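A.B. asks: Got a predicted structure here, sequence first:
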Amino acid sequence: MRPHLLRRVRRVVVKIGSNVISDSDGLLLPRMEALCRDVAQLHRRGIEVILVSSGSVSAGKGVLGITGRPQTIPLKQAAAAIGQPRLMRAYKEYFHAEQLQVAQVLLTRDDLANRRRYLNARNTLLTLLDFSVIPIINENDTVVVEEIRFGDNDNLSAMVTTLLEADLLVILSDVSGLYDRDPRTHGDACLIPLVERIDEKIEAMAGGEGSVRGTGGMATKIRAAKRAALNGIASLIVSGMENSILQRVFDGEELGTYFLPARDRMTARKHWIAFTKKPRGKLLVDAGARQALVEGGKSLLPSGVRKVEGRFERGDSVRLCDLDGVEFAKGVIGYNLSELTRIMGKKSSEIETILGYKYGDEVIHRDNLVITAGPEDEE
Ligand SMILES: Nc1ncnc2c1ncn2[C@@H]1O[C@H](COP(=O)(O)OP(=O)(O)O)[C@@H](O)[C@H]1O
Ligand SMILES: N[C@@H](CCC(=O)OP(=O)(O)O)C(=O)O
């Protein structure tokens, strides 16, 4: 079953744990180099790769004379500030050797909780992928306070996976996958190759906190896999300590623990657009645009928009209606009211000339659009 599912993967988020690329002396550069080669090979297969890499604290704490876990938040933040450029310098060098460029993206949970910033982060990352650049994401450790922390990069990687609607989340760790008990303390623990549903039994298998360098242990990885699964995305927890692990996985070797998605992708998101988000405006579109959206599954372009009502900002939800005012869809808009008023009826190629910039060719991307049955109140 697995090779069949992996053949369909076009976009993958790979999370690299601190334990994989660092030890008590700092970064393990030969391992990072090997991993970059492995990622580059995947890229050559036509798979888009986004990295979520830990390791900034491990890379920086030596400069502060710290050998174990930094004991205070300021120390951890200082270590991260020192370590992050070191981490990126290594990635830049190793990917450069593979003719690939990298980009650093530092996020806080706040950035993804706010819908507009969520869409901005998404657009930036998608643009990097369009240019075949490898985004390397980490938590913005130096500025986060408790309220806006992801807490651990397992969680961050799951959020990025759903943000980008990737087809797979791969978590590289210092263990070969999920075992029925913590293999560090139980020599006879057995690897679980497939998890069809993440229930309490599975959750109970993860021990407590992680190691000296790692943050969350197996518990946060299972939570991450669950988050991805609920959004219709499969996950794989596999050892990052072995050579060419990504190649081997995509060549069909049954390594690590594979978590099946819980239900069809997009359902949760579309549900959110259709039912949770309050519409802030109404767009009347012509018959051609209506047909393209409803029958062709296309995005809404400015050329099809005839009239705009309401007050909305980029990232708000709007109702889409035909010229008689009958609603047929809802969507998250990529331009605000004043921008849309200027570009409606125009070709996408004219957007930049009119506004002086553009966020995208579409007024509403089809991923942000849901066809609804009939009209609904705006309240
Ligand atoms: N049931 C389990 N199966 C596998 N590993 C487990 C389990 N329970 C706890 N662990 C521990 O989780 C650790 C991996 O998490 P962590 O130290 O946070 O690493 P990382 O840096 O990869 O995020 C393993 O080294 C392992 O000891
Ligand atoms: N942002 C931190 C990583 C925190 C973290 O989740 O670490 P890990 O459990 O090793 O993935 C860093 O770069 O050191």
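C.D. replies: Good, I have the coordinates. Numbers count the residues shown, from 1 in each chain. Ligands and ions are numbered 1, 2, ... in the order given.
A.B. asks: which stretches of the stretch 201-350 of the chain have low pLDDT?
C.D. replies: 207-216, 263-277 (pLDDT under 70).
A.B. asks: residue ranges for the strands of it, please.
C.D. replies: 234-239, 257-259, 279-285, 305-310, 317-321, 327-332 (DSSP state E, counting those that start in this stretch).
A.B. asks: so what strands line up beside the longest one?
C.D. replies: The strands that strand 279-285 pairs with in its sheet are strand 305-310 (antiparallel), strand 317-321 (parallel) (by DSSP bridges).
A.B. asks: how long is stretch 103-115 from one end to the other?
C.D. replies: End-to-end span of stretch 103-115 (C-alpha to C-alpha, to the nearest Å): 23 Å.
A.B. asks: Stretch 88-102 now?
C.D. replies: 8 Å.
A.B. asks: In three-state terms, label the nearest residue to residue 139 once chain neighbours are set aside for me.
C.D. replies: Distances taken as C-beta to C-beta, 6 or more residues apart in numbering place residue 150 nearest to residue 139, at 5.2 Å, with adjacent residues excluded. C-beta here means a position set from N, CA and C on the backbone, and glycine is covered the same way. Counting by DSSP: H, G, I helix; E, B strand; the rest coil, the backbone at residue 150 sits in coil.
A.B. asks: which residues does residue 150 contact?
C.D. replies: 107, 108, 109, 139, 156, 159 (C-beta atoms under 8 Å, 6 or more residues apart in numbering).
A.B. asks: Residue 91 now?
C.D. replies: Neighbouring residues of residue 91 by C-beta under 8 Å, 6+ apart: 32, 36, 51, 53, 102, 134, 136.
A.B. asks: Does stretch 125-140 reach ligand 1?
C.D. replies: No. Stretch 125-140 lies apart from ligand 1 when judged by C-beta under 6 Å from any ligand atom; the minimum separation is 12.7 Å.
A.B. asks: Start the count at 45 instead of 1 going forward.
C.D. replies: Taking 45 as the first residue, the last one we looked at is stretch 169-184.
A.B. asks: Whether that stretch contacts ligand 2 - can you check?
C.D. replies: Yes. Using C-beta under 6 Å from any ligand atom, a contact is recorded between stretch 169-184 and ligand 2, made by 182, 183.
A.B. asks: picking that back up, go through the strands paired with strand 323-329 and name the closest to ligand 2.
C.D. replies: Nearest to ligand 2 among these is strand 361-365; the distance by C-beta to the nearest ligand atom comes to 32.7 Å.
A.B. asks: Tell me where the longest helix sits in this structure.
C.D. replies: helix 117-140 (DSSP state H).
A.B. asks: And the helix or strand that that one is followed by, what does it pack against?
C.D. replies: Proceeding N to C from helix 117-140, the next assigned helix or strand is strand 146-151, under DSSP states H and E. Contacts defined by 3 or more C-beta pairs under 8 Å, 6 or more residues apart in numbering; DSSP states H and E place strand 146-151 against helix 117-140, helix 159-174, strand 178-183.
A.B. asks: Please convert these to TSV, extending it with mean pLDDT.
C.D. replies: Converted to TSV, these look like this (pLDDT from 0 to 100):
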stretch	mean pLDDT
helix 117-140	96
helix 159-174	91
strand 178-183	97
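A.B. asks: if we can go back for a sec, out of the contacts of residue 135, who has the most neighbours?
C.D. replies: residue 97 (26 neighbours; other C-beta atoms under 10 Å).
A.B. asks: Now do that residue, the pLDDT please.
C.D. replies: Residue 97 carries a pLDDT value of 98.
A.B. asks: Hmm, it is touching residue 65, no?
C.D. replies: Yes. In this structure, residue 97 is within contact of residue 65 by C-beta atoms under 8 Å, at 7.3 Å.
A.B. asks: Identify the residues contacting the residue most central in space within the chain.
C.D. replies: Geometric centre of the chain, nearest residue: residue 204, 1.7 Å, by C-alpha atoms, centre = their mean. Going by C-beta under 8 Å, 6+ apart, residue 204 touches 57, 94, 96, 151, 169, 181, 210.
A.B. asks: secondary structure class for it?
C.D. replies: helix.
A.B. asks: Quickly list the domain ranges of the chain.
C.D. replies: Following the assignment in automatic domain parsing, the chain carries domains at 46-309, 312-415.
A.B. asks: Distance check, residue 116 against residue 57.
C.D. replies: 31 Å (C-beta to C-beta, to the nearest Å).
A.B. asks: same question, residue 340
C.D. replies: Distance from residue 340 to residue 57, by C-beta to C-beta: 29 Å.
A.B. asks: So between these two, which is more surrounded?
C.D. replies: Looking at residue 340 and residue 57 with other C-beta under 10 Å, you find the greater number of neighbours at residue 57, namely 29 against 9.
A.B. asks: Report the contact partners of the more buried one.
C.D. replies: 93, 94, 95, 96, 201, 204, 205, 208, 210, 212, 213, 214.
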